[in-house]
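**Q** got a predicted model here, sequence first, then my questions.
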Amino acid sequence: MKYSTIQKTATLTTLLAGTFVTQASADDPIQIGVLEDQSGNFAAVTQAKVSAIELAAEEINEAGGIAGREVELVVYDTQSDDRRYQELMRRVLQRDQVDTVFAGFASSSREAYRPIVNQFDGLAFYNNQYEGGVCDANMIVTGAVPEQQFSTLIPWMMEEYGPNVYTIAADYNFGQISAEWVRQIVEEEGGEVVGEEFIPLDVSQFSQTIQNIQAEAPDFVVTLLVGSNQASYYEQAGSADLGIPMASSVNVGQGYEHKRFAPPSLANMFVTTNFIEEVDTPEANAFVEKFYERFPDTPYVNQEAANSYIAMYLYKQMVERADGSTDKEDLRAVIAEGDVCFDGPSGTVCLDPQSQHMFHNIFLAKVDENHEISFPETWENIEPYWLGDNGCDLTQNDPSAQYTPSSPPNE
């Protein structure tokens with residue numbers, strides 16, 4: 001079967017109510033909208049996501065498509081701009097009438113477009129590590145969440161290095177809520193957050209932050225920095241000989257800073273991730289090999305690439321188990337059966353019906369002074385338990401909300 005991508009461009013105009021096309025026939029392609037930041041502040045991270053979706057689409061079409069229908073990608077560059085996400089989500093759901101959408105890197109982008117997905121009763125896959133808490137039947141999340149990353153990482157770091165923690169985080173919902181998770185877990189483990197800073201996304205100079213960290217002399221620093229601007233921190237901290245171990249749920253696994261910056265900028269960085277290209281398993285190695293064979297100019301195969309690839313095959317399975325239907329409620333009925341799983345690059349992953357988030361193997365990646373990666377610890381098949389334990393059950397209700405540790409669903 002022929003594989004095709006429709007690469008779109010769009011201006012920021014407002015779409016008003018328009019004409020809807022009729023129900024697609026069984027001979028029409030299944031259209032998947034792809035809204036990702038192929039330019040702008042987050043492009044270094046997200047281009048691999050688009051490539052992974054293309055790779056999976058090619059494989060699926062070569063094997064006969066989804067329920068015998070060709071997959072067609074409708075791709076827009078969102079340019080790391082939340083307003084474009086809103087505009088283009090309306091466009092793909094209202095005008096293009098895609099069957100599902102794979103969308104977004106930054107949590108601010110997800111929260112910008114999520115009400116629009118709800119308005120049009122669409123189905124969106126968010127294939128990113130994030131701060132957790134979204135309980136929304138219109139969303140499927142394939143990335144790792146805090147109870148998988150921080151509940152493993154923070155106690156390990158405290159036992160290894162000590163109880164005093166300094167957090168620096170991007171100043172938007174991802175960084176703020178992630179820092180809240182860190183604060184809660186540190187306190188539960190008997191430690192202390194001795195400093196906490198929230199950094200605007202356009203900041204690229206960190207001399208004052210580095211001085212503040214030096215003054216507090218923490219046992220380790222939790223870095224929750226995102227985008228090309230904030231990545232400047234690592235070289236500046238290295239030049240200042242800060243020399244304090246770092247812990248992160250987002251760096252290396254997404255932005256491959258250990259490849260982008262000269263050693264030893266990332267020395268003693270520890271990251272919990274559900275995939276990076278250095279994971280040495282047969283499944284991971286096979287995925288990385290075919291990724292580079294298809295896209296030889298790819299700078300790094302990150303966890304978002306793996307999650308996006310996995311999402312394509314989960315969607316295929318769901319549609320085929322729903323007898324070829326792409327209707328959201330038919331697909332959610334399949335999810336509710338509790339056995340939507342895929343053996344992929346990171347091992348076996350399964351969708352949790354209550355939260356529509358993923359079970360994951362979590363790898364603790366350590367970056368050494370030469371920026372080589374080792375894995376001192378692996379936690380297998382970690383459940384995304386927090387939402388379900390606190391009252392989110394999408395098999396019973398749909399609050400379409402995001403919750404935080406201080407504001408859980410059951411309050």
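**A** Great, that's in hand.
**Q** now the strands for the stretch 1-150 of the chain?
**A** Residue ranges of the strands in the stretch 1-150 of the chain, as given by DSSP state E, counting those that start in this stretch, are 4-8, 30-36, 71-77, 100-103, 124-126, 134-135, 139-141.
**Q** let's have those strands in CSV, adding mean pLDDT, mean neighbour count and distance to G391.
**A** For every residue, glycine as well, the C-beta is placed using N, CA and C. Compiled in CSV, the strands of the stretch 1-150 of the chain are given as follows (pLDDT from 0 to 100; neighbours: other CB atoms under 10 Å; distance: least, CB to CB, whole Å):
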stretch, mean pLDDT, mean neighbour count, distance to G391
strand 4-8, 62, 14, 39
strand 30-36, 98, 26, 30
strand 71-77, 98, 23, 36
strand 100-103, 98, 26, 26
strand 124-126, 98, 27, 21
strand 134-135, 98, 24, 9
strand 139-141, 98, 25, 17
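**Q** quick check, central residue of this protein?
**A** The centre of the chain sits closest to N128, judged by CA atoms, centre = their mean, with a distance of 0.8 Å.
**Q** ok, and the closest non-adjacent residue to that one?
**A** Excluding its sequence neighbours, the residue lying closest to N128 (CB to CB, 6 or more residues apart in numbering) is G143, at 4.3 Å.
**Q** picking that back up, got phi/psi on the residue nearest to the centre of the chain?
**A** Torsion angles at N128 (phi, psi; degrees, to the nearest 10) stand at phi -130, psi 150.
**Q** picking up where we left off before, need the strands of the stretch 1-150 of the chain in CSV (columns: distance to Y256).
**A** Listed next are the strands of the stretch 1-150 of the chain as CSV, based on distance: least, CB to CB, whole Å:
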stretch, distance to Y256
strand 4-8, 25
strand 30-36, 17
strand 71-77, 21
strand 100-103, 21
strand 124-126, 20
strand 134-135, 26
strand 139-141, 22
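**Q** follow-up on the earlier one: my guess is the residue nearest to N128 meets N307, correct?
**A** Yes - G143 is within contact range of N307, at 5.2 Å (criterion: CB atoms under 8 Å).
**Q** ok, back up a step: could you tell me the model confidence score at the residue nearest to the centre of the chain?
**A** For N128, the model assigns a pLDDT of 96.
**Q** mind naming the longest strand for this structure?
**A** In the chain, taking DSSP state E as the definition, the longest strand is strand 373-382.
**Q** packing partners of the helix or strand just after that strand?
**A** Counting by DSSP states H and E, the element after strand 373-382 in chain order, helix or strand, is helix 385-389. Using 3 or more CB pairs under 8 Å, 6 or more residues apart in numbering; DSSP states H and E as the contact test, the elements touching helix 385-389 are helix 146-161.
**Q** who does the helix or strand just after the helix it packs on pair up with?
**A** Using DSSP H and E, the next helix or strand after helix 146-161 towards the C-terminus is strand 164-170. Strand 164-170 pairs in its sheet with strand 192-199 (parallel), strand 220-224 (parallel), by DSSP bridges.
**Q** show me where the stretch 201-350 of the chain has its strands.
**A** 220-224, 246-248, 269-273, 341-344, 347-350.
**Q** got the ones you listed as JSON lines, with mean pLDDT and distance to D96 columns?
**A** Shown next, in JSON lines, are the strands of the stretch 201-350 of the chain (pLDDT from 0 to 100; distance: least, CB to CB, whole Å):
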{"stretch": "strand 220-224", "mean pLDDT": "98", "distance to D96": "34"}
{"stretch": "strand 246-248", "mean pLDDT": "98", "distance to D96": "36"}
{"stretch": "strand 269-273", "mean pLDDT": "98", "distance to D96": "33"}
{"stretch": "strand 341-344", "mean pLDDT": "96", "distance to D96": "27"}
{"stretch": "strand 347-350", "mean pLDDT": "96", "distance to D96": "29"}
